[in-house]
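Colleague: Here is my input; please provide its structure:
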Amino acid sequence: MRSARRVSRRELEACAAFPAGSCGPGAGGGLQSPRDHTRAAVARDRLQEPVTERGAEREATGSEACEEAVICAIMCASVKYNIRGPALIPRMKTKHRFYYVTLFSIVLLGLIATGVFQFWPHSIESSSDGGVEKRSIREVPVVRLPAASPIPERGDLSCRMHTCFDVYRCGFNPKNKIKVYIYPLKKYVDDAGVPVSSTISREYNELLTAISDSDYYTDDISRACLFVPSIDVLNQNPLRIKETAQALAQLSRWDRGTNHLLFNMLPGGPPDYNTALDVPRDRALLAGGGFSTWTYRQGYDVSIPVFSPLSTEVVLPEKAPGPRRYFLLSSQMAIHPEYREDLEALQAKHKESVLVLDKCTNLSEGVLSVRKRCHHHQVFDYPQVLQEATFCVVLRGARLGQAVLSDVLQAGCVPVVIADSYILPFSEVLDWKRASVVVPEEKMSDMYSILQNIPQRQIEEMQRQVRGRC
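Modeller: Here you go, the predicted structure:
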């Protein structure tokens with residue numbers, strides 16, 4: 001029997017602006033159940049001490065949505081790109097470029113709308129910054145990090161724009177345009193000459209390229225308002241935590257991380273899977289996927305989606321709002337047995353209106369399993385099958401942020417988010433209530449009846465909101 005647990009949730013607000021997915025799957029851990037993991041992660045995030053089963057409750061209020069301004073700003077920020085800035089590896093595909101340009105534009109807008117505008121009423125209009133030379137991965141300088149190199153403090157949870165952000169760095173540009181500087185790529189090694197990190201990931205390279213191709217980029221560090229390291233922390237799994245922190249502290253303008261922006265989509269690691277990047281970063285702003293209410297610094301950090309390659313590689317036709325073949329669908333494969341038991345119970349009760357898919361075990365050789373899902377011996381194309389459902393389950397795993405959210409939005413299926421304390425992407429500027437349903441983990445067995453109580457007219461409006469902004 002499950003213990004009842006109430007977690008106060010931030011006002012749920014809705015983004016269907018674009019797909020959100022993942023850099024890679026999160027591995028499992030030694031956790032006994034996902035609900036045990038939630039309690040453990042909250043305890044560690046809140047107290048920074050060994051895991052206990054303390055109850056955690058937090059009242060959080062959401063900020064008012066500013067959706068039309070967001071869409072307008074994205075369009076303005078994404079109109080024009082010059083071939084300049086860092087070209088680390090071959091250029092990204094157009095779809096990937098659009099995703100990362102849009103991601104960066106909204107991250108920048110989120111930072112401004114939730115914080116900087118309170119203290120610095122300047123323009124974010126586009127401007128041209130000519131004469132920027134391309135960077136290359138050839139002849140990258142090597143930086144040795146002695147074992148005694150300084151380490152930044154752990155992320156300051158008290159940081160807000162008025163306490164940790166230096167707005168005076170943002171006033172040195174013509175017409176007061178925000179400028180972003182990307183540090184030159186370097187290879188960091190320890191005393192033994194062992195690299196601190198592996199080669200920069202394709203995803204992070206594409207993100208840096210999107211930034212450097214945008215009109216916000218500057219190669220003049222003295223003109224920069226924001227600083228982005230060329231140190232890849234998108235995925236925490238391969239990171240050497242201490243050495244990565246030491247590399248950050250070596251940056252020429254680090255200054256306790258002031259005005260530095262880090263991107264992380266897969267935070268935490270086994271067995272606890274904390275909901276924010278474990279690399280000590282002091283005052284640095286974090287654009288992170290998988291924030292909880294305990295680790296998210298409202299008005300300072302930015303919650304971003306976890307990237308999904310399928311969302312950009314598969315083109316799905318747009319479907320008109322209305323009833324679908326399945327009322328409720330679950331497509332995630334690595335679901336904890338406790339959750340799968342609940343889903344299969346719903347399927348047994350509601351028969352053909354609920355479809356619970358799993359990993360395929362009967363595929364022919366050469367068939368990509370990532371593009372297939374199975375129900376017993378019946379094979380479905382993924383993510384195409386998502387378009388056959390009205391509601392699609394987005395269930396937490398070892399990490400709160402999941403790739404499936406991206407695929408669900410791209411398919412025009414209304415997401416049913418089951419991840420207590422999860423901060424949805426860009427929730428401070430986008431209204432999630434218009435395009436999603438959030439169900440507490442303890443109410444999962446009641447999910448079908450909760451969804452049935454939503455009027456059909458409202459469901460169709462949610463479908464329009466979801467697909468219309470992908």
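Colleague: in the host helix or strand of Gln347, what counts as buried?
Modeller: Secondary structure from DSSP states H and E places Gln347 in helix 337-350. Neighbour counts using 16 or more other Cβ atoms under 10 Å place 339-340, 342-343, 346-347 of helix 337-350 among the buried residues. Glycine gets a C-beta too; all of them are placed from N, C-alpha and C.
Colleague: what's the closest of the residues you listed to Val196?
Modeller: Nearest to Val196 among the buried residues of helix 337-350 is Tyr339, at 37.0 Å by Cβ to Cβ.
Colleague: who's the nearest residue to Val385 once chain neighbours are set aside bridged to?
Modeller: What sits nearest to Val385 in space, not counting adjacent residues and going by Cβ to Cβ, 6 or more residues apart in numbering, is Arg373, at 6.2 Å. Per DSSP bridges, the residues bridged to Arg373 are Phe380.
Colleague: Pretty sure Arg373 sits against Ser331.
Modeller: Yes: counting by Cβ atoms under 8 Å, Ser331 is a contact partner of Arg373 at 5.5 Å.
Colleague: hey, what's in contact with both of the two?
Modeller: Common contact partners of Arg373 and Ser331 (Cβ atoms under 8 Å, 6 or more residues apart in numbering): 357, 382, 385.
Colleague: Hmm, Leu438 is touching Pro415, no?
Modeller: Wrong residue type there; residue 438 is Val, not Leu. No: Val438 lies out of contact with Pro415 (Cβ under 8 Å); the separation is 9.0 Å.
Colleague: Look at those two and report which has more neighbours.
Modeller: In this view Val438 and Pro415 are compared by other Cβ atoms under 10 Å, and Pro415 has more residues nearby, 28 against 20.
Colleague: thinking again about what came up before, next up, the contacts around the residue nearest to Val385.
Modeller: Arg373 neighbours (Cβ under 8 Å, 6+ apart): 331, 333, 357-360, 379-380, 382, 385.
Colleague: Now rank these by neighbours and give me the top one.
Modeller: Ser331 (25 neighbours).
Colleague: Can you give me the distance of that residue to Cys374?
Modeller: Per Cβ to Cβ, to the nearest Å, Ser331 is found 11 Å from Cys374.
Colleague: repeat for Gly289
Modeller: In terms of Cβ to Cβ, Gly289 sits 28 Å off from Cys374.
Colleague: picking that back up, average pLDDT for the helix holding Gln347, rounded please.
Modeller: Mean pLDDT, helix 337-350: 96.
Colleague: ok, then the element right after it?
Modeller: Next along the chain after helix 337-350, taking DSSP H and E as the criterion, comes strand 354-356.
Colleague: How is the protein partitioned into domains?
Modeller: 67-304, 314-468 (automatic domain parsing).
Colleague: Quickly, which of these bottoms out on average pLDDT?
Modeller: domain 67-304 (a mean of 75).
Colleague: so which of the buried residues of helix 337-350 would you say is closest to Gln458?
Modeller: For these, the nearest to Gln458 is Leu346 (21.3 Å; Cβ to Cβ).
Colleague: For the closest one, give me its contacts.
Modeller: By Cβ under 8 Å, 6+ apart, the contact set of Leu346 is 328, 354, 356, 445, 447-448.
Colleague: In CSV: these, plus neighbour count and distance to Tyr296.
Modeller: Conversion of the contacts of Leu346 to CSV gives the following (neighbours: other Cβ atoms under 10 Å; distance: Cβ to Cβ, whole Å):
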residue, neighbour count, distance to Tyr296
Leu328, 25, 29
Val354, 23, 33
Val356, 22, 31
Ser445, 15, 28
Met447, 21, 25
Tyr448, 19, 30
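Colleague: I appreciate the help and will end here.
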